[in-house]
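Enquirer: got a predicted structure plus its sequence, pasted below:
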2 protein chains.
Amino acid sequence: MNIKVKFLDIGTEPTVLINDEDALKIGGKDNDRVRVDGKRSATALLNVSDFVEPGEAVLSGNLKDKIKAEDGDVLSIVYASSPESVRSIRRKMDKEKLSREEIYSIVTDILENRLSKIEISAWLTALYINGMDIEEIADFTEAMVDTGDRVEFDRSPVFDFHSMGGVPGNKITPIVVSIAAAAGLMLPKTSSRAISSACGTSDFVETFCDVEMDAATLKKISEETGGVLAWGGAMNLAPVDDLVIKVEHPLGINPRAQMLASILSKKLAIGATHLVVDIPTGSGTKVPTIEVARAYARDFMDLGEKLDIHVECAITYADQPVGNAIGPKLEARECIRILEGEKHPSSVIEKACDLAGIILEMGGFANGSEKAKEILDSGAAMKKFREIVAAQKGNYDIKSSDLVPGEFVADIASLKAGYVHTISNKELVQIAIAAGSPSDKGAGILLMKKKGQRVEKGDVLFQIYGDNKAKVDRARELAAKYKPFDIEGMLLKRIAAPRTR
Amino acid sequence: MNIKVKFLDIGTEPTVLINDEDALKIGGKDNDRVRVDGKRSATALLNVSDFVEPGEAVLSGNLKDKIKAEDGDVLSIVYASSPESVRSIRRKMDKEKLSREEIYSIVTDILENRLSKIEISAWLTALYINGMDIEEIADFTEAMVDTGDRVEFDRSPVFDFHSMGGVPGNKITPIVVSIAAAAGLMLPKTSSRAISSACGTSDFVETFCDVEMDAATLKKISEETGGVLAWGGAMNLAPVDDLVIKVEHPLGINPRAQMLASILSKKLAIGATHLVVDIPTGSGTKVPTIEVARAYARDFMDLGEKLDIHVECAITYADQPVGNAIGPKLEARECIRILEGEKHPSSVIEKACDLAGIILEMGGFANGSEKAKEILDSGAAMKKFREIVAAQKGNYDIKSSDLVPGEFVADIASLKAGYVHTISNKELVQIAIAAGSPSDKGAGILLMKKKGQRVEKGDVLFQIYGDNKAKVDRARELAAKYKPFDIEGMLLKRIAAPRTR
């Protein structure tokens, strides 16, 4: 039918809103598709709305450029069938194996906004439940790479590493990159911002240098210094992933196939030939047990073989935060202190050197972990770090003391004496977020005690920092409610012998 | 944060659109939830949009009444967690059995618009893949009943019947209802409009009387005449179903648990004590084989037992359309002709009397099917039909010849001689829809030949009717492309004997 259109600046999926009378004429229902013909044609979702007058169609603003039309134009709007890839999504619901062509169609249709949120949600749910085999995941990964940009380096090999995340305080990235680059290897590291965590690598790196750069800048810095600490989101690497995350996030799921393809696609897009995957394992992380971690490691290695990228995995301890600091400036300060020579917290140093060690061994060095420690202790890593920071428009003479956490502080003290028996990662993350992390750069948590340590009543267990008093107060209330530290005596449970009558 | 709001009349889910800077301040991402505090509070989906200026929030118009606020008000918008039922949806993804409380929460949250399309889609996909056991489905059904209105009759028992659908031309409902009511039973029948079919019962009944009525009117007409032919959608019976269909429809799925709960809930809401379920079985329907039909019958009966409603099932032949007519006026005419005494098409008469017969036997009559035929032949069913039509503001003196199909007709002739070997239900439905059915009341298809009949080259196989020439032309093109009739000689395949060398 021909109908007068009006554009409304709403930033949703491309949508056509019409009255139910007109929907009946078009023969379309809510969430069906229609084709709108302006100077060009586009498909959009049909939204049946009481708000719209009969004889009028309201189009989402994002259609304006696509179809080259103006308010008041009379355009043809007709029913359009859903894309073929919806059939492939249904086939995945029926637990069938998808062909390479089907997987490419799904990925392309997500990227081109041809699949609606409803359909992407069904796709992720089907993936979560029915999964994919390694061949499908390899196709999926390549589809995600091929629908985005690639960085082509003039140097080879290209090293990379990735942490599956889920453990707070994991500020090792700048240390690992600096050690590898100081050893002469090239490690162009892209990182993400926090999705559900308190602080992603990019969230804390951007407290001391730029992380948003285009692919050409990333290439230049990496080739010149051997390292880079970039935010992956600023480049168009495997862009489908960002669209999918928006639907994954509210569902609180991360299907294995999606996760593997997501990680590997970013690495392939950046041309990585050698990859170390850190799999933090412990309660309250994505990977609760060693068995699950081993299964992931197997997946990564099988997938690496299919995709011709050399993959090694490291299962790391994650029952409590890595180091003491959580939150942008707090993590940046702890990280830079270690590069400056500070010997504490040893968990951060050990983890960084172990992971850097695997990379060094891939690069031909013997005794990687010791070599990494040598490079750190010699100051060579700090020198390299300064070069990278300066290349990313930060201060070459950066000092850890430049990073000053928020001015509002709340001390959380122990209500009893005993030993720190468990620390809840998840609860600490929620408290840090309540305090304002990662958007308030000074917000976060500083742990004063860690697992196994002796605590007296009244000892400070951790401090909450923040840039905003109200948020710190709210975080303090949350801490009182959650009690993320579990303090017990040495005797955990007393089992009485059965009494005789 | 506090932010100036503006309302936009968009009829989507309750939505708050803000710029990404402000989203960061709130700590929410696309598709997260926020709470907006006007004079009242409401939760809404967060939509991060480039279109919105920093410091401003655009709210969907449906929030205006809910929160009692006006354009220009400065309101508090804060991050809100997703409803608890999202966790239950995840548990269903993990194939766990849900408790009665969890199922009630999901149903209530869908009704109250607290679950987003993304979440409802994940729920339906999880139901489709992982299913529910009979206990869960019974809880699900009751939750759907309890969240809507109920009709309480002063008469008992209350008979009902339901066809699972999927076969075109199934115009038996007015005949069955009229026979049962003429026998003194009460059968308050609610029907639906077409969802993906060419013509629902309400779509053709409304060509000769009103189908939209409230529950009180339905009760009055049923108690007075013994029957009614109402559109269920006009009443608030199990209203969650209508919300779910909007998400189911684009995915092209109908999970077994959802389908069973949907059917039974409408019947329970109307107080049915006895129910006959028609399960049309054949290729191109929802139920392709007798085995699948038996499984559905078992489900319906088990569920009836749990819900204390006497259920019987009839597996019916559905390899081709029922009778000859498809489309609103065409079906109404064929249906009324039979009530008037016409002996053709016999498939419609036989199916209507068999189903009415089961209802009569439930009501205490012997030899139900023969009794039904007697009532039809005697003219008692037609008399009762006139009463019901008049009660629904139709003409008591209705005649089949009042129903005149569309003025544009296209004859589709056979390209060869032979026998009608198969007729594709699905393709005929698509052709009828292309011709304008069900919104164009005169549109549809009239079959001149049915399965097994001899056909000469040039014989008309079927006619396409329509109110609009362009649509009939389009339908004709589709018919030429699809060729929904398969005409073969008696010899279908010749198998040659192996030659000797």
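Expert: Received the coordinates, thanks. Numbers count the residues shown, from 1 in each chain, chains lettered A, B, ... in the order given.
Enquirer: show me how far the lowest-mean-pLDDT helix or strand in chain A is from its chain's centre.
Expert: Least confident element among the helices and strands of chain A, by mean pLDDT, DSSP states H and E: helix A:20-26 (a mean of 83). Between the mean C-alpha location of helix A:20-26 and the chain-wide mean there is a distance of 43 Å, by C-alpha atoms, centre = their mean, to the nearest Å.
Enquirer: right, and the helix or strand after it?
Expert: On the C-terminal side of helix A:20-26, the nearest following helix or strand under DSSP states H and E is strand A:33-37.
Enquirer: now that next one: buried residues?
Expert: Of all the residues in strand A:33-37, those buried under the rule 16 or more other C-beta atoms under 10 Å in any protein chain shown are A:33-36. Heads up, the C-betas are built off the backbone N, CA and C, glycines and all.
Enquirer: same question for stretch A:456-472.
Expert: By neighbour count on 16+ other C-beta under 10 Å, the buried set for stretch A:456-472 is A:461-468, A:471-472.
Enquirer: swap in stretch A:363-375?
Expert: Judged by neighbour count (16+ other C-beta under 10 Å), stretch A:363-375 contains these buried residues: A:363, A:365, A:368-369, A:371-373, A:375.
Enquirer: could you look up the SS state of the closest residue to chain B within the stretch 351-500 of chain A?
Expert: Each residue of the stretch 351-500 of chain A has a distance to chain B, by C-beta to the nearest C-beta, and the smallest belongs to A:S439, at 4.8 Å. Each residue gets one of three states, and A:S439 gets coil by DSSP: H, G, I helix; E, B strand; the rest coil.
Enquirer: how near is the residue lying closest to it once chain neighbours are set aside to B:A269?
Expert: Across the structure, with C-beta to C-beta, 6 or more residues apart in numbering or on different chains as the measure, the residue nearest A:S439 apart from its sequence neighbours is B:L24 (4.8 Å). Taking C-beta to C-beta, to the nearest Å as the measure, B:L24 and B:A269 are separated by 46 Å.
Enquirer: these two: who's more crowded?
Expert: When neighbours are counted by other C-beta atoms under 10 Å in any protein chain shown, B:L24 and B:A269 differ, and B:A269 comes out ahead with 25 against 16.
Enquirer: is it true that that one touches B:V145?
Expert: Yes. Counting by C-beta atoms under 8 Å, B:V145 is a contact partner of B:A269 at 5.1 Å.
Enquirer: okay, and the common contacts of these two?
Expert: When contacts are counted by C-beta atoms under 8 Å, 6 or more residues apart in numbering or on different chains, the set common to B:A269 and B:V145 consists of B:A238.
Enquirer: residues near A:K416, how many?
Expert: Taking other C-beta under 10 Å as the criterion, the count of residues near A:K416 is 11.
Enquirer: which residues does the least confident helix or strand of chain A contact?
Expert: A:1, A:3, A:18, A:29-30, A:34, A:46, A:48, A:50, A:54-55, A:57, A:77-79, B:439.
Enquirer: among these, which one has the lowest pLDDT?
Expert: The member of those with the lowest model confidence is A:D50, at 77 (criterion: pLDDT).
Enquirer: relative to B:L237, how far out is that one?
Expert: Using C-beta to C-beta, one obtains 21 Å as the distance from A:D50 to B:L237.
Enquirer: same thing with A:Y128?
Expert: In this structure, A:Y128 and B:L237 are separated by 33 Å, where distance is defined by C-beta to C-beta.
Enquirer: could you do A:K189 as well?
Expert: Distance of A:K189 to B:L237, given as C-beta to C-beta: 59 Å.
Enquirer: do the same with A:A293
Expert: Distance check for A:A293 against B:L237: by C-beta to C-beta, it reads 51 Å.
Enquirer: and the residue nearest to A:P174 when sequence neighbours are not counted, what does it touch?
Expert: The shortest distance from A:P174 to any residue that is not its chain neighbour, by C-beta to C-beta, 6+ apart, is 5.5 Å, and that residue is A:C335. Residues touching A:C335, when contacts are defined by C-beta under 8 Å, 6+ apart, comprise A:171-172, A:174-175, A:204, A:348.
Enquirer: how does it look with 7 Å?
Expert: The neighbourhood of A:C335, defined by C-beta atoms under 7 Å, 6 or more residues apart in numbering or on different chains, consists of A:171, A:174-175.
Enquirer: of those residues, buried ones?
Expert: Burial by neighbour count, judged by 16+ other C-beta under 10 Å, picks out A:171, A:174-175 from those.
Enquirer: list the buried residues of the least confident helix or strand of chain A.
Expert: Using 16+ other C-beta under 10 Å as the test for burial, helix A:20-26 gives A:22-26.
Enquirer: what's the distance between the closest residue to chain B within the stretch 251-400 of chain A and A:D109?
Expert: Distance from chain B to each residue of the stretch 251-400 of chain A (C-beta to the nearest C-beta) is smallest for A:L251, at 5.3 Å. Summarising the geometry, the distance separating A:L251 from A:D109, computed by C-beta to C-beta, is 19 Å.
Enquirer: which SSE is A:I336 in?
Expert: Following DSSP H and E, one finds A:I336 within helix A:328-340.
Enquirer: among the buried residues of stretch A:363-375, which pair sits farthest apart?
Expert: Comparing all pairs in the buried residues of stretch A:363-375 by C-beta to C-beta, the longest separation belongs to A:G363 and A:K373, at 15.9 Å.
Enquirer: wait, what's in contact with A:I309?
Expert: The neighbours of A:I309, taking C-beta under 7 Å, 6+ apart as the test, are A:267-268, A:272-273, A:275.
Enquirer: repeat for A:I245
Expert: A:I245 makes contact with A:I195 under the criterion C-beta under 7 Å, 6+ apart.
Enquirer: could you give the angle of the helix or strand harbouring it to strand B:33-37?
Expert: Secondary structure assigned from DSSP H and E places A:I245 in helix A:240-251. Interaxial angle of helix A:240-251 relative to strand B:33-37 (axes from the mean of the first three to the mean of the last three C-alpha atoms, to 10 degrees): 60 degrees.
Enquirer: hmm, back to that, next, the residue of the stretch 351-500 of chain A closest to chain B: phi, psi?
Expert: Phi and psi for A:S439, reported as degrees, to the nearest 10, are phi -70, psi -30.
Enquirer: do A:F365 as well
Expert: With angles defined as degrees, to the nearest 10, A:F365 shows backbone torsions of phi -80, psi 150.
Enquirer: ok, A:A122 next?
Expert: Torsion angles, degrees, to the nearest 10, at A:A122: phi -60, psi -40.
Enquirer: look up the residues forming beta bridges with A:D37.
Expert: According to DSSP bridges, the partner residues bridging A:D37 are A:S41, A:S76.
Enquirer: stretch A:87-101 close to chain B?
Expert: Yes. With C-beta under 7 Å from any C-beta of the partner chain as the measure, stretch A:87-101 is seen reaching chain B through A:90, A:93.
Enquirer: and the contacts of that stretch?
Expert: Residues outside stretch A:87-101 that contact it (C-beta under 7 Å, 6+ apart): A:102, A:105-106, A:119, A:122-123, A:126-127, A:130, A:133, A:136, A:139, B:125, B:128-129, B:252-253.
Enquirer: roughly how far does A:I67 sit from A:K6?
Expert: Distance of A:I67 to A:K6, computed by C-beta to C-beta: 13 Å.
Enquirer: higher neighbour count, the two?
Expert: Taking other C-beta under 10 Å, A:I67 and A:K6 do not tie; A:I67 has more neighbours (21 against 15).
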